[in-house]
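In: Task: produce atomic coordinates for the following.
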Amino acid sequence: MAYDDATDSQPAGNWPQVRSGPLVAGGILIGIGAVVALVGTAVAGVHLAAATRAWINDLETPPGELARLKWEQAKHAANTGAGAWRNHPNAKIGLARRSSSS
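Out: Numbers count the residues shown, from 1 in each chain. Sure thing, here's the model as predicted:
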């Protein structure tokens, strides 16, 4: 079966014809959509930050002070637990070595 150039309906290297008007309109709409999305993100972010700030101000104990108190509790619990292990009667029993019989 031979290849016939006469039956080829499209010449080689021919690209589709594209009108620039719809492409420009599409690009403009994409740009406008991106700007609207950024503005929406900024409005939501500002509202979320303000709500979080108000919530923190309404707390009885500020988060920094609460974290410091919890850290002190954890240190005290760790020291108490370590002391209990060190002072337990079974902790004072040492392993006896066998004397080597030569």
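
In: Quick check: which element contains residue 34?
Out: helix 20-58 (DSSP states H and E).

In: And that helix, what's buried?
Out: Buried residues in helix 20-58, defined by neighbour count with 16 or more other CB atoms under 10 Å: none. C-beta coordinates here come from the backbone N, C-alpha and C atoms, glycine included.

In: Report the inter-axis angle for whatever helix or strand comes next after that helix versus helix 20-58.
Out: Proceeding C-terminally, helix 20-58 gives way to helix 63-87 as the next helix or strand, assigned by DSSP H and E. Interaxial angle, helix 63-87 versus helix 20-58 (axes from the mean of the first three to the mean of the last three CA atoms, to 10 degrees): 60 degrees.

In: Next, the contact list for the residue nearest the centre of the chain, please.
Out: Nearest to the geometric centre of the chain sits residue 45, at 16.5 Å (CA atoms, centre = their mean). With contact set as CB atoms under 8 Å, 6 or more residues apart in numbering, residue 45 has no partners.

In: Low-confidence stretches in this protein?
Out: For the chain, the stretches with pLDDT under 70 are 1-12, 91-102.

In: try 80 this time
Out: Applying pLDDT under 80 to the chain flags residues 1-13, 88-102.

In: How many residues are close by residue 87?
Out: 9 (other CB atoms under 10 Å).

In: I'd like to know how far it sits from residue 74.
Out: 20 Å (CB to CB, to the nearest Å).

In: same thing with residue 28?
Out: Going from residue 28 to residue 74 by CB to CB gives 58 Å.

In: Next: residue 24.
Out: Distance from residue 24 to residue 74, by CB to CB: 63 Å.
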